[in-house]
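**Q** No letters, just coordinates:
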């Protein structure tokens, strides 16, 4: 029997800076919109860095969800994968990149980097102090969650929309959902 893939969807961001919290909001809302299989761990990485090292070791798939400054129109979804991921970290498109680039570089150095990494995000409208996403980014959350579902499907893992899960069907509690906020 083949071992189950180790898959993490990591939402990062600062919930105190409006659209900067979009990655965390996606990870919070994904189990409300989709039945998430147990092999997919949803992690709220907040603004963490090296403390995420152990959680991200030897993954088959890492999907990072974040606000991404990609010089696009505000509210525009962004997807980076493959060779674009290292470029993402060289050009500082996200405020957390220093911590995350250190984590991914360390994992690469010790031979425990994820086999596949994708970055999904949205061009923020505002990074001003505020707990709520801007209306433009809030309106794009369903699309960003679909992008996560599509990325997982491309990796052989299906997320079933809650409306399609069957009448009265209840998913098991999301055992893989954890918070990794810095203390």
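**A** Thanks, I have it. This structure is a prediction, so every number in the text was calculated from the model and none was measured.
**Q** Can you name the residues bridging to residue 161?
**A** Per DSSP bridges, the residues bridged to residue 161 are residue 34.
**Q** Strands along the protein, start to end?
**A** Ranges of strands in the chain, per DSSP state E, are 7-12, 34-35, 40-46, 61-67, 77-81, 116-122, 160-161, 178-179.
**Q** Worst mean pLDDT among these?
**A** Per-segment mean pLDDT for these reaches its minimum on strand 178-179, at a mean of 50.
**Q** How about the residue most central in space within the chain: what's its closest non-neighbour residue?
**A** Geometric centre of the chain, nearest residue: residue 65, 2.8 Å, by C-alpha atoms, centre = their mean. Nearest residue to residue 65 in three dimensions, chain neighbours excluded: residue 23, at 4.0 Å (C-beta to C-beta, 6 or more residues apart in numbering). Placement of C-beta: from N, CA and C, glycine included.
**Q** wait, isn't the one you found in contact with residue 11?
**A** Yes. In this structure, residue 23 is within contact of residue 11 by C-beta atoms under 8 Å, at 3.8 Å.
**Q** Find residues that contact each of the two.
**A** 45, 65-66 (C-beta atoms under 8 Å, 6 or more residues apart in numbering).
**Q** Below-threshold pLDDT in the chain: ranges please.
**A** Along the chain, segments meeting pLDDT under 70 span 1-2, 86-98, 164-183.
**Q** distance between the helix ranked longest in it and the chain's centre?
**A** Assignment by DSSP state H gives helix 135-154 as the longest helix of the chain. Distance of helix 135-154 from the chain centroid (C-alpha atoms, centre = their mean, to the nearest Å) equals 10 Å.
**Q** likewise stretch 67-83?
**A** For stretch 67-83, the distance to the chain centre is 13 Å (C-alpha atoms, centre = their mean).
**Q** Quick one: end-to-end length of that stretch, please.
**A** Start-to-end span of stretch 67-83 (C-alpha to C-alpha, to the nearest Å) is 19 Å.
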